[in-house]
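S.K.: sequence first, then the predicted structure, then my questions.
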Amino acid sequence: MMKLILNIFLLPLLLIFVCCDSPSEKTISETDKKTEELLSRMTLEEKVGQMTQINITEILIDSIVKNYDSVTTFVLDTNKLIHFVGKYHIGSFLNGRAVPADIWFNYMNQLQRVNLRYSKNKIPILYGVDHVHGSSYLKEGTIFPHNINIASTFDTSYAYLQGKVTTYETADLGHHWIFAPVMDLGRNKLWGRYYETFGEDPYLTSKMGSAFIRGIQENEDIKPYKAAACAKHFIGYSDPKSGWDRSPAEIPDQVLREFFLPSFKAAIDADVKTIMVNSGEVNGIPVHASHDILTKLLRDELGFQGVVVTDWQDIIALQTMHFVAENEKEATYLAIHAGIDMSMVPKSTSFCEHVIALVKEGRISEERINQSVRRILKLKFDLGLFDNPYPRNDRFARIATPENREKALNAARESIVLMKNTNELLPLKKEIKNILVTGYTANKKVPLCGGWTYRFSAKSDHWFPQDMPTIADAIKNEFTESTVTFAEENDLAKYASTAEVIVVAAGEENAYAETDGSINDLALSERQLKLIEKVLSYKKPVVLILTEGRPRIIHQVYDTCQAVLFAGLPGTMGAQAIAEILSGKVNPSGKMSFSYPYKQGHIIPYNYKRSEYSVIRPVKRELNRHSILEFGEGLSYTAFEYTDLTLNDTLLNENEKLTAKVTVTNKGKYSGKEAVLWFISDEYGSITRPVKELQYFEKHEIKPGGSYTFTFITDPQVHLWYPDKEGRKILEQGYFTIKVGNLSRRFKYVPKAK
Ligand code: BGC
């Protein structure tokens, strides 16, 4: 009998205590107290309003919304806003366009004032913006290279600065919540959001992403404000089977845990305040409806305590895209049950109505609602929004300063990868007096920046800063002593005979974001390929510059071009960085953040499994070339030599650490930065092991003739284990190899004898 009473009465109480993250008396902080006190005064309707996020287009006047794609100003429709904040108590809005700072200021000021007048409990609005690579939604805002480039710097300070500069320029405008960084692993090169990733390696993604988060969230210079980052999109979004955005992914649990989870874990370790959910399905379950992923994995296992926001319209999509719910109300039930805190609805109050009905019907408990609202209110308190709800307009001089731009320029300089440099064509010799520049991306700004730059996906240069140079402009500015001519395809023949070198820029001509980036294959467009072939037919030295958000296939021309630069999407300062590399002012130091595929079809990352190239069933030799350049490769104008790789032991026990050292000497004539990448290869594993995995990296400048000794310490508990499909650590006895540069050393791991 006692047992029954315990089950019926005590267990639910106990569960509420354990499940809701209501803090215990002992640990309760001031913020927790304020949150609880506020929560206790709120009606159900007010609580649900806090869980709702509405798009800017719903609160602007109609005439502006009609022309939203070309918007240059915001005019708030106060009546619409009152409807949302007065009647529905909406707690969050999002989005905007790259309008000038004073327009943002007036809009946010008015938004917050009207809201605080109508909010019974005076709860400030939390505003979210997609500043994914700099101040993307601010006219003339500083734009950094996209993440795919930031990663190739192999210097986390650039990811940190990206977050810092962005919040420095936008926190005053009321942008409290930055929907960045993308922590999805760049495994699928077809994916239209590939450039938003930090490439194909989980460790690099973790390091870069967490630095970006710290830059956003730990920026003291934006006082009295604070900003929250958003790690997105949890989890498995980046590897849709077809490559198309938001289409189904099939990722075995073990693979999900080994490759896709570490970056999100790193984000949580970096105290990321919010996480956005993957819009797609993984293994048949849309993530927005997955209790296993959003609660068991994210909350219970990873211990995430912050706010989980849906992606765009994704509760509705459970009905209309995934067809797992017959109507929006059931979709809402599924998502709340799965574990979301806030719905980016984003165009109506339907979410509020459904949640209220579900609570009234007893299908969702009010305590479940409290759980989410508590997290949201706590975020608002943590950001200091209750004390500083209004934007300010006395520090606009912070925007797009030469210092901020210099930081973006430095990031661009170090992010460009010299893929090939036959006969040291680059840097171009001072004596070269006649340079011909061509290519469909050479005289346009858009291809340097890609999507999420001043627009969702800008279709014209019109939106970019006037003073932003194209590649052709920048080469002219850099080579003032030479004749630099830009020629379209039809005029090429006219100039080719006198040119001493031809620079051809190619890649992706247009900006794209999300679904408009979906493609069927990675082929470079026919017209670009033809143009490069035509350029090569003049038998002059050719430099190919690739500006693109994902690798487009270039094997047809790669071997014949003398020099190739992967410029990726280097941002508004990117052309200058390219020109400085051509002239030698900057010695390139970027290394690929992904493996550049040689051909369509066999597209694999650097950390492939050994059976990819089975020794017992060898493939034809010519098929062995899967990449033009592998992850971690990239040239310099100088020559770095790796010597003296030493390990302090060849046997390692479970509580010991192993110190490896290597000396890198600059044997060339230019000073240069070298990113030293330490890989570990596990020889045998009960789950098949990648050929090698990046475990650590460090970058240093080394002067000609100088050396630097790099150190890496292997900790078995950090570097030698891998997860099984349930996340249990597998750490097996056996041989491992440390690889750095062209050197390697073997050691044996033996757990201590009991
Ligand atoms: C994207 C997110 C973005 C959100 C808000 C969605 O469509 O997937 O990455 O943060 O829109 O604009």
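M.R.: Structure received. Given the structure is predicted, the values throughout are model-derived calculations rather than measurements.
S.K.: so who does the closest residue to residue 175 other than its chain neighbours touch?
M.R.: In space, not counting the residues next to it along the chain, residue 175 is nearest to residue 129; the distance is 4.7 Å by C-beta to C-beta, 6 or more residues apart in numbering. From N, CA and C alone the C-beta is placed, and that goes for glycine too. If you count contacts by C-beta atoms under 8 Å, 6 or more residues apart in numbering, residue 129 has them with 94-96, 137, 170, 175, 177-179.
S.K.: residue 230 now?
M.R.: Applying C-beta under 8 Å, 6+ apart to residue 230 gives the contacts 128, 177-180, 272-276, 309.
S.K.: of the residues you listed, which belong to strands?
M.R.: 128, 177-178, 274-276, 309 (DSSP state E).
S.K.: list just the nearest of these to residue 431.
M.R.: residue 178 (47.7 Å; C-beta to C-beta).
S.K.: and the chain, which of its residues are near the ligand?
M.R.: 94-95, 130, 179, 232, 311-312, 514 (C-beta under 6 Å from any ligand atom).
S.K.: for the residue of the stretch 651-754 of the chain found nearest the ligand, give me its contacts.
M.R.: When distances are taken as C-beta to the nearest ligand atom, the stretch 651-754 of the chain reaches nearest to the ligand at residue 694, 25.9 Å away. Applying C-beta under 8 Å, 6+ apart to residue 694 gives the contacts 201, 203-204, 607, 631-632, 677-679.
S.K.: host element of it?
M.R.: Secondary-structure element containing residue 694, defined by DSSP states H and E: strand 693-702.
S.K.: on that earlier part again, tell me the bridge partners for the residue of the stretch 651-754 of the chain closest to the ligand.
M.R.: Beta-bridge partners recorded for residue 694 (DSSP bridges): residue 679.
S.K.: going forward, begin numbering at 518 instead of 1
M.R.: Sounds good: first residue 518 from here, last item residue 1211.
S.K.: sorry, back to before: I'd like to know which of the contacts of residue 646 are buried.
M.R.: When the contacts of residue 646 are checked for burial by 16 or more other C-beta atoms under 10 Å, the buried set is 611-613, 654, 687, 692, 694-696.
S.K.: closest to residue 1216 out of those?
M.R.: Distance to residue 1216 across those (C-beta to C-beta) is lowest for residue 695, with 25.8 Å.
S.K.: now that closest one: how far from residue 1250?
M.R.: 45 Å (C-beta to C-beta, to the nearest Å).
S.K.: what does residue 668 give?
M.R.: The span separating residue 668 from residue 1250 equals 34 Å under the rule C-beta to C-beta.
S.K.: angles on the backbone of residue 597, please.
M.R.: For residue 597, the backbone dihedrals (degrees, to the nearest 10) come out as phi -60, psi -40.
S.K.: related to what we said a few turns ago, out of the ones in strands among the contacts of residue 747, flag the one nearest to the ligand.
M.R.: Nearest to the ligand, judged by C-beta to the nearest ligand atom, of the ones in strands among the contacts of residue 747 is residue 793 at 6.1 Å.
S.K.: look up which residues are beta-bridged to the closest residue to the closest one other than its chain neighbours.
M.R.: Closest residue to residue 793 in three dimensions, ignoring its sequence neighbours and counting by C-beta to C-beta, 6+ apart: residue 749, at 3.6 Å. Under the criterion DSSP bridges, residue 749 forms beta bridges with residue 699, residue 793.
S.K.: grab the nearest non-local neighbour of residue 1224.
M.R.: In space, residue 1224 comes closest to residue 1182 once its chain neighbours are excluded; the distance is 4.3 Å by C-beta to C-beta, 6+ apart.
S.K.: in a strand, the one you found, correct?
M.R.: Yes. Residue 1182 sits within a strand when classified using DSSP: H, G, I helix; E, B strand; the rest coil.
S.K.: counting neighbours, what do you get for it?
M.R.: When neighbours are counted by other C-beta atoms under 10 Å, residue 1182 registers 18.
S.K.: list the contacts of it.
M.R.: Counting by C-beta under 8 Å, 6+ apart, residue 1182 touches 1157-1158, 1160, 1219, 1222-1224.
S.K.: quick check: residue 570 vs residue 745, distance?
M.R.: As defined by C-beta to C-beta, residue 570 lies at a distance of 13 Å from residue 745.
S.K.: residue 571 too?
M.R.: From residue 571 across to residue 745, the span is 18 Å (C-beta to C-beta).
S.K.: and what of residue 1098?
M.R.: With distances defined as C-beta to C-beta, the gap from residue 1098 to residue 745 amounts to 36 Å.
S.K.: who has more neighbours, those two?
M.R.: Taking neighbours as other C-beta under 10 Å, residue 1098 and residue 745 compare with residue 1098 leading, 28 against 23.
S.K.: got the contact list for the more buried one?
M.R.: 930, 933, 935, 943-944, 1082, 1104-1105.
S.K.: go again with 7 Å.
M.R.: Contacts here follow C-beta atoms under 7 Å, 6 or more residues apart in numbering; on that basis residue 1098 touches 933, 1082, 1105.
S.K.: ok, residue 807 next?
M.R.: In this structure, residue 807 makes contact with residue 855, judged by C-beta under 7 Å, 6+ apart.
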